[in-house]
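Participant: show me how the following folds:
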Amino acid sequence: MKYLGLRLAASALTLGVVLHPAASHAATPAPVTQMAHISVVATGKGSPVILIPGLACPRAVYDDVVADLARTHRVILVQVNGFGGDAPGANLKPGILDGIVADLHGYIGRERLRDVAVVGHSMGGLVAMMLAKAHPGDAGRLMIVDSLPYFAVLMAPPGVDPTPAMVAPQAAKMRDGIAANYGKPLDAATLDAQTRGLALKPASVATMKRWAMAADARVTAQAMYEDLTTDLRPALASITTPITLVYPWNAGGPTKAMADPFYRRQYAAAPRIDYVDIGDAAHMVMLDQPAAFRAALMAFLAK
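Facilitator: Numbers count the residues shown, from 1 in each chain. Model prediction:
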């Protein structure tokens with residue numbers, strides 16, 4: 001299979017082929033609630049907002065919005081074990097995405113959270129939809145940022161609708177190749193090539209490279225495999241939790257004229273959905289256009 005020209009949300013998956021663990025660990029704000037598949041840092045008071053990063057990204061991807069949110073919300077920042085320099089915990093075994101959903105459900109129950117707004121980027125967006133499907137009462141609303149109910153549609157040639165069974169062999173090869181990078185040095189040219197296109201701003205790309213060096217390739221590999229073989233399209237019509245979909249576009253492609261119909265087609269079955277586009281941005285929209293992303297997030301929470 002080959003990637004479509006319209007890579008969009010699936011571009012984050014390409015980041016996985018270059019990830020390997022760094023020697024040093026970044027400091028994590030305290031207190032941290034540690035679970036089998038994720039850890040959580042909470043700050044602020046008010047109605048709860050859960051922020052879930054994408055593949056190989058730490059909770060720091062949301063740093064630019066935390067201070068504003070914490071003035072009026074309880075901000076719950078998720079980090080997947082194995083990303084951000086954290087130990088992998090239970091994420092060295094299959095079942096990472098289901099494990100994240102289970103940990104989130106348990107946390108929401110233990111903390112007695114109500115009407116939770118859940119924000120998920122890329123793989124985090126898929127997890128947010130999985131949570132709404134498995135536990136409809138957990139999330140009051142979802143903000144999905146450049147994610148799809150089935151990422152593998154971007155791996156098929158035009159006119160082909162890939163099933164998880166069709167995708168699984170290729171996804172397994174990708175998983176095994178990524179995992180093989182664990183503990184190995186990575187040359188700068190490869191890192192440059194594999195992060196190209198995920199963000200527009202040089203500063204955004206530099207940030208992504210730092211995060212890439214801190215991720216555990218074994219966790220990235222398995223999470224990517226599960227992401228590619230999870231198809232939520234059949235369940236999309238049953239997810240009645242209101243969804244706000246945020247997606248990027250840019251003049252270099254995908255353009256707005258390409259992105260608009262593509263995303264609407266992928267989410268056509270969603271019964272309650274609003275669309276918000278952010279221009280001059282790539283997949284890491286919160287890094288490329290932090291002000292526009294913050295505005296979209298605040299508007300979502302104000303609904």
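Participant: got the contact list for the strand or helix carrying residue 79?
Facilitator: Using DSSP states H and E, residue 79 sits in strand 73-80. Contact partners of strand 73-80, identified using CB atoms under 8 Å, 6 or more residues apart in numbering, comprise 28, 37-53, 58-59, 62, 66, 69, 86, 91, 96, 100, 104, 107, 117, 124, 219, 223, 301. (Glycine included, C-beta is placed from N, CA and C.)
Participant: which members of the residues you listed are classed as buried?
Facilitator: Neighbour-count burial (16 or more other CB atoms under 10 Å) is assigned, among the contacts of strand 73-80, to 28, 37-42, 44, 48-53, 58-59, 62, 66, 69, 86, 91, 96, 100, 104, 107, 117, 124, 219, 223, 301.
Participant: tell me, how many residues neighbour residue 154?
Facilitator: 23 (other CB atoms under 10 Å).
Participant: just to check, it is in contact with residue 147?
Facilitator: No - the pair residue 154 / residue 147 is not scored as a contact, 11.6 Å apart, by CB atoms under 8 Å.
Participant: for residue 115, what are its contacts?
Facilitator: Applying CB under 8 Å, 6+ apart, one finds that residue 115 lies in contact with 47, 48, 140.
Participant: what is the rounded mean pLDDT of the helix or strand containing the second one?
Facilitator: Using DSSP H and E, residue 48 maps to strand 47-52. Along strand 47-52, the predicted local confidence has a mean pLDDT of 98.
Participant: helices or strands up against it?
Facilitator: Judged by 3 or more CB pairs under 8 Å, 6 or more residues apart in numbering; DSSP states H and E, the packing partners of strand 47-52 are strand 73-80, helix 96-110, strand 116-121, helix 123-134.
Participant: the second one: how far from the chain's middle?
Facilitator: Spelled out, it's helix 96-110. Relative to its chain's centre, helix 96-110 lies at 16 Å (CA atoms, centre = their mean, to the nearest Å).
Participant: which strands and helices sit next to it?
Facilitator: The contact analysis (3+ CB pairs under 8 Å, 6+ apart) places helix 96-110 against strand 38-43, strand 47-52, strand 73-80, helix 123-134, helix 217-228.
Participant: repeat that with 6 Å
Facilitator: With contacts taken as 3 or more CB pairs under 6 Å, 6 or more residues apart in numbering; DSSP states H and E, helix 96-110 sits against helix 123-134, helix 217-228.
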